[in-house]
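Trainee: Okay, sequence plus prediction incoming.
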Amino acid sequence: MSDDTSVRHPELGFYTLAGAPESPRDLIDEVRHAEELGLGAVFISERFNIKEAFTLSGAVGAVSNHIKIITGATNHNTRHPIVTAAHATTMHRLTGGRFSLGIGRGIAPLFDAYGIERITTAQMEDFAGVMRRLWHGETIIGHDGPIGKYPVLRLDPTFDEDIDLSIVAFGPNTLELGGRAFDNVILHTFFTDETVQRCVATVKHAAERAGRDPSDVKVWSCFATVGDNIDESLKLNKTVGRLATYLQAYGDLMVTTNNWDPARLTAFRADHIVQGIKGAIDAVATTEQLEHIATLLPVEWLAPAATGSAQQCAAAVRNQLSLGADAVIMHGATPTELAPIVAAY
């Protein structure tokens, strides 16, 4: 494997296994190609199918040399904290410090269906504190906090590891938590320019109030990147399909965060085609269904994305940095799809 990339872009990242891959082995070529392109970070999302984040993290670590590896995100409540802490320490040493444990709030209706407790901001903050104490060799006796009661929590008293923590943040409470307790804050896709600026300011101000250097907290814009070099039906799924799926899962939060018209969300939900789709729209909808759904979504809702030629996409990515983001995840695209955009960038 070559490690002689001439130009590296630590401020650019991508999600491996975007969408619904046929095999998790696809990440092997994706990650190797990403390193050849000089991308700075690979993000790993988690779904309860063939995208279990811990296994994927190890695979990425084994086939990479310099790229940052960030779970974006797993959930703290699906594993015992000792298991998660040991995983992060293992990844940290396996990769020479390139790993960041990233957590998120998760999708509440899915947790309800599976009988998993919903995640609170207090739990994520408690979890972050416990992880840092364990990574620095502390034995925690009688922990009784938001994440639960544990008689003893301990990894290895010889540990003294500084491991990055990342958080996927949407609302102001989570953004503020990211600023005061995490190293990377990952925003959501399809945020308007105003929303990106507001979120960055919230994170940085919270860091400052917590006595931290705001520059120590990296805010990642998650920016849909869909160039003209891909098939039209695939572009439709990566834009209309992806946004529609978010509206299915947490539409109220998307609309509130972006100050969008809630009446348009109500109309979207009431549509007979939308109601007839059983499952995530970006996973099961036909091209014809997506073309219909496109008529339900205001143009301005789909506008926060990098589209068009490679040069236009590269300019849009750079604009995210000008809005205040420290780095950009070019979301929903493989390294092969991103290659001309990175070259233009």
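Mentor: Alright, I've got the coordinates.

Trainee: Packing partners of the helix or strand containing residue 233?
Mentor: For residue 233, the element it lies in under DSSP states H and E is helix 232-236. Judged by 3 or more CB pairs under 8 Å, 6 or more residues apart in numbering; DSSP states H and E, the packing partners of helix 232-236 are helix 287-294. Where C-beta positions appear, they are placed from N, C-alpha and C, glycine not excepted.

Trainee: The helix it packs on - contacts with which helices or strands?
Mentor: So helix 287-294, by 3+ CB pairs under 8 Å, 6+ apart, packs with helix 232-236, helix 272-276, helix 281-284.

Trainee: which one of those lies closest to residue 328?
Mentor: helix 232-236 (19.2 Å; CB to CB).

Trainee: Which of the residues in that closest one are classified as buried?
Mentor: By 16 or more other CB atoms under 10 Å, the buried positions in helix 232-236 come out as 234, 235, 236.

Trainee: For residue 155, see how far away the residue most central in space within the chain is.
Mentor: The centroid of the chain falls nearest to residue 72 when counting by CA atoms, centre = their mean (3.8 Å). Between residue 72 and residue 155 the computed distance is 23 Å (CB to CB, to the nearest Å).

Trainee: swap in residue 81?
Mentor: Residue 81 is 10 Å from residue 155, by CB to CB.

Trainee: Dump the helices and strands packed on helix 287-294 into TSV; add mean pLDDT and distance to residue 261 as well.
Mentor: What follows is the helices and strands packed on helix 287-294, written out as TSV (pLDDT from 0 to 100; distance: least, CB to CB, whole Å):
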stretch	mean pLDDT	distance to residue 261
helix 232-236	95	23
helix 272-276	97	17
helix 281-284	93	20
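
Trainee: Out of those helices, which is closest to residue 124?
Mentor: Nearest of the helices and strands packed on helix 287-294 to residue 124, taken as CB to CB: helix 281-284 at 26.5 Å.

Trainee: tell me what the closest one is packed against?
Mentor: Using 3+ CB pairs under 8 Å, 6+ apart as the test, helix 281-284 ends up in contact with helix 242-258, helix 287-294.

Trainee: Of all the helices and strands packed on helix 287-294, which one comes closest to residue 203?
Mentor: Across these, closest to residue 203 is helix 281-284 (CB to CB), at 27.8 Å.

Trainee: of the buried residues of helix 232-236, closest to residue 133?
Mentor: Nearest to residue 133 among the buried residues of helix 232-236, with distances taken as CB to CB, is residue 234, at 45.4 Å.

Trainee: Could you pull up the contacting residues of the closest one?
Mentor: Applying CB atoms under 8 Å, 6 or more residues apart in numbering, we find residue 234 in contact with no residue.

Trainee: Would you quantify the distance from it to residue 34?
Mentor: 19 Å.

Trainee: got it, and residue 22?
Mentor: 19 Å.

Trainee: and the two? which has more neighbours close in?
Mentor: Each of residue 22 and residue 34 has its neighbours counted (other CB atoms under 10 Å); residue 34 has more, 28 against 8.

Trainee: for the host helix or strand of residue 89, packing partners?
Mentor: For residue 89, the host element (DSSP H and E) is helix 81-94. In this structure, helix 81-94 makes packing contacts with helix 53-63, strand 99-103, helix 121-135, strand 148-153, judged by 3+ CB pairs under 8 Å, 6+ apart.

Trainee: Next, the buried residues of that helix.
Mentor: 81, 84, 85, 87, 88, 89, 91, 92.

Trainee: and if you look at stretch 202-215?
Mentor: Per 16+ other CB under 10 Å, stretch 202-215 contains these buried residues: 202, 203, 204, 206, 207, 212, 214.
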